[in-house]
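[1] next come a sequence and a model predicted from it.
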Amino acid sequence: MPTTTWNRHHILTLADFTTAEYNAVLQTAASFQEVLSRRTKKVPTLQGQVVANLFFEPSTRTRSSFEIAAKRLSADTLNFAAATSSMTKGETILDTAKTYLAMGTDIMVIRHKDAGVPQAIAQEMDRLGVKVSVLNAGDGQHEHPSQGLLDLFTICSLIDPAQPRIELLQGKKIAIVGDILHSRVARSNIWSLIASGAEVHLAAPPTLLPKFFAEYLGVTDPKNLKSQRLFTHWQLEPALENADFVMTLRLQKERMTAHLLPSLREYHQLFGITRAKLKLCSPKVKVLHPGPVNRGVEISSDLMDDPEFSLIQSQVTSGVAVRMALLYFIGSGRVN
Ligand code: NCD
């Protein structure tokens, strides 16, 4: 077991995550994965602490995954859904957060359609001098750190289930395909994958992958080693050639403000991942998708269900162990 002390109070972005932090999460998630395989899948780690899931935007897997993760750690959980809350009566986000604070919440897990909301709540908590930790569960197009970490865990534990660690991805080729422009999952994955030493290839039509995307992320500085590991393509084939892993992304129609694609059928023909297109990849290639999936658009329905290639169910399972690790770190402030 690692003995590193965890210093991060809020988890808002992966942009500044260190190798030690990635590895602490991966190793601790592996030990929680073992707990989850036992008959009694619960540990007393966060007994007496309150975890509030403040989801201002719809979610199936992330919200349920955080809830079950908190429960497996014996925390008390509060679930908030904007549509049935006092926000419909005009209450502000910060006032909602302060209401949960007044009820003794220790950790706030926050999802919002606008980038920066978890950061704003974290700043307010710090300003108030309270010890509440904030975990970003997806903010607009900005970031989705727990998804990035669970994707990393899924891949690393496939390579070495006993000792998943970020170094295992050094030199691997990973393609991220689809609506990169609107994807917070892509942004978080880009940070963790380039930190791992993998080669990251982004592929999308130009309307979903602006030419200056890497520059805009801040990874194009020629002195920055990271910029040499990020490639962008407006065609699928160069990204897929010899790829070890392919991450597909949903078309985020709710975030599109203009007609960015001629048709879904054409998009599928050009960028949809199918068994036939995977022939370009490494023979052992695996496919990931954060869900929810538009079957037959970004990925063919049969490929999604094919256990030889698809890691989609394993991502969902990994999500619980990874979120237990994150709640554990910010809830108890130290690695076990
Ligand atoms: C993603 C999200 O909400 O950012 N889903 C998820 O959390 N599993 C991706 C998406 O909505 O397409």
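    Alright, I've got the coordinates.

[2] host element of the residue sitting nearest the centre point of the chain?
    The centroid of the chain falls nearest to Gln147 when counting by C-alpha atoms, centre = their mean (1.5 Å). For Gln147, the host element (DSSP states H and E) is helix 145-159.

[3] adjacent strands (with direction) for whichever helix or strand comes after that helix?
    Under the assignment DSSP H and E, the closest C-terminal helix or strand after helix 145-159 is strand 173-177. Next to strand 173-177 in the sheet, as set by DSSP bridges, lie strand 199-203 (parallel), strand 245-248 (parallel).

[4] make CSV from the ones you listed and add mean pLDDT, distance to the ligand and mean neighbour count to it.
    Every residue, glycine included, has its C-beta placed from N, CA and C. Output for the strands paired with strand 173-177, formatted as CSV (pLDDT from 0 to 100; distance: least, C-beta to the nearest ligand atom, whole Å; neighbours: other C-beta atoms under 10 Å):
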stretch, mean pLDDT, distance to the ligand, mean neighbour count
strand 199-203, 96, 16, 24
strand 245-248, 98, 10, 26
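
[5] what does the stretch 151-300 of the chain put close to the ligand?
    Contact residues, the stretch 151-300 of the chain versus the ligand (C-beta under 6 Å from any ligand atom): 184-185, 250, 252, 290-291.

[6] kindly report the same for the stretch 1-150 of the chain.
    Counting by C-beta under 6 Å from any ligand atom, the residues of the stretch 1-150 of the chain near the ligand are 61-62, 138, 144, 147.

[7] try 8 Å
    57, 59-62, 111, 137-138, 144, 147 (C-beta under 8 Å from any ligand atom).

[8] could you give me the PyMOL selection string for whichever of those residues are buried?
    Buried residues within these, by 16 or more other C-beta atoms under 10 Å, are selected in PyMOL with:
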select buried, resi 57+59+61+62+111+137+138+144+147
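
[9] of the residues of the stretch 1-150 of the chain next to the ligand, closest to Arg265?
    Nearest to Arg265 among those is Thr60, at 26.3 Å by C-beta to C-beta.

[10] OK, contacts around the residue nearest to the centre of the chain?
    Contact partners of Gln147, counting by C-beta atoms under 8 Å, 6 or more residues apart in numbering, are 62, 138, 184-185, 188-189, 290, 319.

[11] how close does it sit to Asn53?
    15 Å (C-beta to C-beta, to the nearest Å).

[12] return the subset of the residues of the stretch 1-150 of the chain next to the ligand lying in helices.
    With DSSP state H as the criterion, helices contain 61-62, 147 from among these.

[13] so which of these is the closest to Leu128?
    Using C-beta to C-beta, these come closest to Leu128 at Thr62, 26.3 Å.

[14] wait, what's in contact with the nearest residue to that closest one once chain neighbours are set aside?
    Excluding the flanking residues, the one nearest Thr62 by C-beta to C-beta, 6 or more residues apart in numbering is Ala137, at 5.3 Å. Applying C-beta under 8 Å, 6+ apart to Ala137 gives the contacts 53, 55, 59, 62-63, 66, 109-111, 118, 144, 146.

[15] if we use 10 Å, what do you get?
    11, 53-55, 57, 59, 62-63, 65-66, 108-112, 118, 144-147, 323 (C-beta atoms under 10 Å, 6 or more residues apart in numbering).

[16] can you check the pLDDT for it?
    pLDDT for Ala137: 98.

[17] oh, and call the first residue 239 from now on, that's how I've got it
    From this message on, residue numbering opens at 239, which makes the last subject Ala375.

[18] just the strands in the chain please.
    288-293, 314-319, 345-350, 371-377, 411-415, 437-441, 468-471, 483-486, 524-526 (DSSP state E).

[19] any chance of those strands in CSV, with distance to Leu339 too?
    Shown next, in CSV, are the strands of the chain (distance: least, C-beta to C-beta, whole Å):
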stretch, distance to Leu339
strand 288-293, 9
strand 314-319, 11
strand 345-350, 8
strand 371-377, 11
strand 411-415, 37
strand 437-441, 38
strand 468-471, 39
strand 483-486, 36
strand 524-526, 36
